[in-house]
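Colleague: coordinates only, sequence not included:
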């Protein structure tokens, strides 16, 4: 136990000083899920995804740490972590459309369904049509855009953290590939990534994790070495900011 302590103390101290806002927001998301089963547009869905998953990304950065060699600002790293949480949750939603529909829940933007000529009834019927394929292509494209944004920030994390985060990112991206391979049938077919593909993703993620961030000048390092709690407060993303961000990425 003693030999593990030097590796545990710093992450624990960083986690302890993290802003409380993401934790409180996650609880809001759990409460929202008890009351809400429809989302009128992507702004609403974005906010939900932030509450239940984006918050996890924000909580994780102080524990994983930012590489001392990173030239990125702390804000950009936190934004990338937020993007990864959002991408993961959007992927979960697209994978579980059929399962959620059987529970009377639809985690898809209502306005975008209508624009595609689809309705709640179409989702409940669970029939794959050309309209559904077109709709799903757009949803998958949006999720991938968040993964792309997230990947750019992963390399700014500490060396020890990059591999597991990249591995999880690649594995979740493959879920989207499987939805496509199933001809967008996420009603009755579960997008499942097999063990072989999972194992193959690990060395790929490891190889990418070896790419080091570009070094910053000492003056830049000095400017960005703020207390973790202050960074967390500075980067807190409340409902108003989330809504504006949601509009900027809506299809």
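Modeller: Perfect, I can see it now. Since the structure is predicted, the reported quantities are computational estimates derived from the model, not experimental observations.

Colleague: Can you point out the helix or strand that includes the nearest residue to residue 122 once chain neighbours are set aside?
Modeller: Spatial nearest neighbour of residue 122, chain neighbours left out: residue 132 (7.1 Å); criterion: C-beta to C-beta, 6 or more residues apart in numbering. No exception for glycine: its C-beta is placed from N, CA and C like everyone else's. Per DSSP states H and E, residue 132 falls inside helix 130-154.

Colleague: what's in contact with that helix?
Modeller: 42, 72, 76-77, 79-81, 83-84, 86-87, 90-91, 94, 108, 112-113, 116-118, 122, 162, 165-166, 169, 172-173, 176, 179-180, 183-184, 186, 249, 251 (C-beta atoms under 8 Å, 6 or more residues apart in numbering).

Colleague: how about 7 Å then?
Modeller: The contact list for helix 130-154 (C-beta atoms under 7 Å, 6 or more residues apart in numbering) reads 72, 76-77, 79-81, 83-84, 86-87, 90-91, 94, 113, 116-118, 162, 165-166, 169, 173, 176, 179-180, 184, 249, 251.

Colleague: helices or strands next to the host helix or strand of residue 82 in the packing?
Modeller: Under the criterion of DSSP H and E, residue 82 resides in helix 74-95. Judged by 3 or more C-beta pairs under 7 Å, 6 or more residues apart in numbering; DSSP states H and E, helix 74-95 is in contact with helix 42-49, helix 55-64, helix 130-154, helix 159-181.

Colleague: List the buried residues for the third one?
Modeller: The reference is to helix 130-154. Under the neighbour-count criterion of 16 or more other C-beta atoms under 10 Å, helix 130-154 has 132, 135-136, 139-140, 142-144, 146-147, 149-151, 153-154 buried.

Colleague: Show me which of these is closest to residue 195.
Modeller: Within the buried residues of helix 130-154, proximity to residue 195 (C-beta to C-beta) peaks at residue 147, which comes in at 21.8 Å.

Colleague: separation between the closest one and residue 174?
Modeller: 11 Å (C-beta to C-beta, to the nearest Å).

Colleague: go on, residue 125?
Modeller: 28 Å.

Colleague: more crowded one of those two?
Modeller: Neighbours were counted for residue 125 and for residue 174 using other C-beta atoms under 10 Å; residue 174 has more, 20 against 11.

Colleague: OK, contacts around that one?
Modeller: Residues in contact with residue 174, defined by C-beta under 7 Å, 6+ apart, are 193, 197, 201.

Colleague: redo that, cut-off 10 Å
Modeller: Residue 174 makes contact with 91, 181, 191-194, 197-198, 200-201 under the criterion C-beta atoms under 10 Å, 6 or more residues apart in numbering.

Colleague: just those now: which is nearest residue 61?
Modeller: Within the contacts of residue 174, proximity to residue 61 (C-beta to C-beta) peaks at residue 91, which comes in at 20.4 Å.

Colleague: Count the residues that sit near the closest one.
Modeller: When neighbours are defined as other C-beta under 10 Å, residue 91 has 25 of them.

Colleague: circling back to that earlier point, report the mean confidence score over the helix holding residue 132.
Modeller: Taken as a whole, helix 130-154 has a mean pLDDT of 96.

Colleague: now the angle from that helix to helix 159-181?
Modeller: 170 degrees (axes from the mean of the first three to the mean of the last three C-alpha atoms, to 10 degrees).

Colleague: just the contacts of residue 174 now: which is nearest residue 67?
Modeller: Nearest to residue 67 out of the contacts of residue 174 is residue 201 (C-beta to C-beta; 22.3 Å).

Colleague: pretty sure the closest one is touching residue 171, no?
Modeller: Yes - at 5.6 Å, residue 201 and residue 171 qualify as touching, with contact defined as C-beta atoms under 10 Å.

Colleague: just to revisit the earlier point, quick one: which of the buried residues of helix 130-154 is nearest residue 20?
Modeller: For the buried residues of helix 130-154, the nearest to residue 20 is residue 153 (22.9 Å; C-beta to C-beta).
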